[in-house]
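>>> next input, structure requested:
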Amino acid sequence: MSDGGGTRRWTVLVGALLVQVVLGTVYGFSVFVKPLELEFGWERATTQWAFSIALASFALWMIPAGRLQDRIGPRKVAGIGGVLLGVSFLLGSVLLATIREPWALYVTYGLVGGAGIGFAYVCPIAALVKWFPDKKGLITGLAVAGFGAGALFFAGPASELMLPPNDTGERMGISQIILIGLGAAKGEGFGIGWKAFFVLHGLVSLVLVLIGAALLKNPQEGWRPPGWVGPAAGKATRNVTSKEMLGTPLAFVLWLTFAFGATSGLMAIGQWTPMMGAKLAGATFAPEWMGGYGRFIEPVGILALFNALGRIFWGKISDLIDRPRAMMFMYLLQGMAFMLLVSVESHVAIFLASAWVGLNFGGNFALFPAATADYFGVKSLGMNYGYIFTAYGAAGIIGPVVGGVLFDVTGQYVLAFVFSGILCFLAAGCSVVAWGLAHYEERFDSTAARA
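Got it, this is the predicted structure:
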């Protein structure tokens, strides 16, 4: 079926991007660390557990959220996610101020906030793949690029607003907030404090996710973009259930590939600032005249920017050469980058490496939902990708911890780079196996269809 829904799908894309940008602020967790430590006297490990719990909750809740999304559609489920995310900050502002114990942060930001992200995250991806069957890789890349860019937009204003309130009673204007968000100005004297910021961020997240969710909608059954002919004649169209998917070797290999690749990336990215800071020896590549904009050309800013761009880049590449081969090239290049970082000292090389590592790490989040849709269909994509995404949940716990242990034992990051590189090469090998399994199952399904 091909109708006038071609315009509607771009509206869905706008809603998806709005939802994902808000959800992506979870990667800006570091802005909460110092204010909360100063307020409550917590140690660094105490606050970091909240981030790990949020990532684990995010990954685990994607499974039931995906199943619900497949049944009742993306709009309601994404709306539930928006409500949970907003409530997590509103409730957190109250509980933390009264109880003043870390478990209050773990429950609100970690469990409830992570659940909100898990409920909303899968909905834009599942809806867009159905609206853009002709551009699965590119469109999933665009959707998750919003998630990758969320922290980039969030970190600037959040870090300034989290400052203690100004005793003079000055208030920040809209123009000041915009300039701070762009990184062009500082907000000294305009802070509102962590408690007020939790309330503000909770309300903004709630409203924006609900607006984005209202724009999400699945196309009619059998809808196709105008002029798109669909899969080649004789090629079987698969729409398998999660139970069927989990019984296939291909699903296991995809999960293993994702786990190796994400663990490698998170092991390095979680400590990128001190890693690169040690090599830069306190130097910076940003001239003073750039002011606040200089944060975009610091190593971590470069990495974050290319993390978002990599989702679009590798999504498009995978549309041209297929998903497993795109994974293989991506992981081989990433593994070589980590190995070269062991001996790199040049400032230019460090910033180029930050761009390259970010570009390749971001590709994970475009390639795996598109591959899941390719090989297991779009009907149960929400729940199917939820299971594949648990690989990222495992990586979110294992990667940063192993990287920290390797540094504590050796006092340097050489082993972390080498281990990250090895994991990338293992992921590349797994992607080759996935390519073989995918083509075998495709031939088997085509033979069965003709029979």
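>>> Val432 touches Pro324, doesn't it?
Yes - using Cβ atoms under 8 Å, Val432 is in contact with Pro324, at 7.2 Å. All C-beta atoms are positioned from the backbone trio N, CA, C, and that covers glycine.
>>> these two: which is more packed in?
Pro324 (27 against 15; other Cβ atoms under 10 Å).
>>> and that one, what does it touch?
Residues near Pro324 by Cβ atoms under 8 Å, 6 or more residues apart in numbering: 371, 431-432, 434-435, 438.
>>> then Arg8?
Taking Cβ under 8 Å, 6+ apart, one finds 131, 217, 219 in contact with Arg8.
>>> and if you look at Thr372?
Counting by Cβ under 8 Å, 6+ apart, Thr372 makes contact with 254, 381, 384-385, 388.
>>> buried residues in the host helix or strand of Phe389?
Assigned by DSSP states H and E, Phe389 falls within helix 381-410. By 16 or more other Cβ atoms under 10 Å, the buried positions in helix 381-410 come out as 381-397, 399-400, 402-404, 406-407.
>>> with stretch 430-437 instead?
Buried, per 16+ other Cβ under 10 Å, within stretch 430-437: 430-431, 433-435, 437.
>>> equivalent analysis for stretch 412-419, please.
413, 415-417, 419.
>>> so for it, mean pLDDT?
Mean per-residue pLDDT for stretch 412-419: 81.
>>> what residues does that stretch touch?
Under Cβ under 8 Å, 6+ apart, the answer for stretch 412-419 is 264, 267-268, 271, 275, 278, 338-339, 341-342, 402-403, 406-407, 409.
>>> ok, 6 Å please
For stretch 412-419, the external contacting residues (Cβ atoms under 6 Å, 6 or more residues apart in numbering) are 267, 275, 338, 341-342, 403, 406-407.
>>> and stretch 106-119, average pLDDT?
The average pLDDT within stretch 106-119 is 92.
>>> and that stretch, which residues are buried?
106-119.
>>> how long is it end to end?
Terminal residues of stretch 106-119 lie 18 Å apart, using Cα to Cα, to the nearest Å.
>>> next one: that stretch to chain centre, how far?
The chain centre lies 15 Å from the centre of stretch 106-119; the measure is Cα atoms, centre = their mean, to the nearest Å.
>>> oh, and call the first residue 27 from now on, that's how I've got it
Noted, 27 is the first residue going forward, which turns the last one into stretch 132-145.
>>> residues making contact with it?
Counting by Cβ under 6 Å, 6+ apart, 49, 52, 76, 79-80, 83-84, 87-88, 91, 103, 106-107, 110-111, 114, 117-118 sit against stretch 132-145.
>>> which members of those are positioned in helices?
Of the positions in these, 49, 76, 79-80, 83-84, 87-88, 91, 103, 106-107, 110-111, 114, 117-118 sit in helices, assigned by DSSP state H.
>>> which pLDDT value belongs to Leu205?
Reading off the confidence values, Leu205 has pLDDT 44.
>>> state the mean pLDDT of stretch 399-408.
86.
>>> restricting to C-alpha, output that stretch in CSV.
Written as CSV, here are the backbone C-alpha positions of stretch 399-408 (Å, rounded to 0.1, in the frame of the first residue of the first chain):
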residue,chain,number,x,y,z
ALA,A,399,14.7,-5.1,11.6
ASP,A,400,16.4,-6.6,8.6
TYR,A,401,16.7,-10.2,9.9
PHE,A,402,13.7,-10.5,12.2
GLY,A,403,11.1,-8.1,10.8
VAL,A,404,9.5,-4.9,12.0
LYS,A,405,6.3,-6.3,13.5
SER,A,406,8.0,-7.2,16.8
LEU,A,407,10.9,-4.9,16.5
GLY,A,408,10.3,-3.1,19.8
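>>> which residue packs closest to Ile338, ignoring adjacent ones?
Closest residue to Ile338 apart from its sequence neighbours, by Cβ to Cβ, 6 or more residues apart in numbering: Gly167 at 4.2 Å.
>>> residue contacts, that neighbour?
Residues near Gly167 by Cβ under 6 Å, 6+ apart: 337-338, 341, 392.
>>> out of these, who's the most crowded?
Busiest of those [other Cβ under 10 Å] is Ala392, holding 33 neighbours.
>>> how about the strands in the stretch 277-426 of the chain?
Applying DSSP state E, counting those that start in this stretch to the stretch 277-426 of the chain gives no strands.
>>> before we move on, the earlier item: buried subset of the contacts of stretch 132-145?
Here, 16+ other Cβ under 10 Å leaves 49, 52, 76, 79-80, 83-84, 87-88, 91, 103, 106-107, 110-111, 114, 117-118 buried among those.
>>> give me the element the residue nearest to Leu358 when sequence neighbours are not counted is part of.
Spatial nearest neighbour of Leu358, excluding adjacent residues (Cβ to Cβ, 6+ apart): Ala454 at 4.8 Å. Taking DSSP H and E as the definition, one finds Ala454 inside helix 440-476.
>>> quick one: that helix to helix 407-436, angle?
Counting by axes from the mean of the first three to the mean of the last three Cα atoms, to 10 degrees, helix 440-476 points 160 degrees away from the direction of helix 407-436.
>>> what about helix 440-476, distance to the chain center?
Per Cα atoms, centre = their mean, the centroid offset for helix 440-476 relative to its chain is 22 Å.
>>> okay, now Ala381: neighbour count?
Neighbours of Ala381 (other Cβ under 10 Å): 18.
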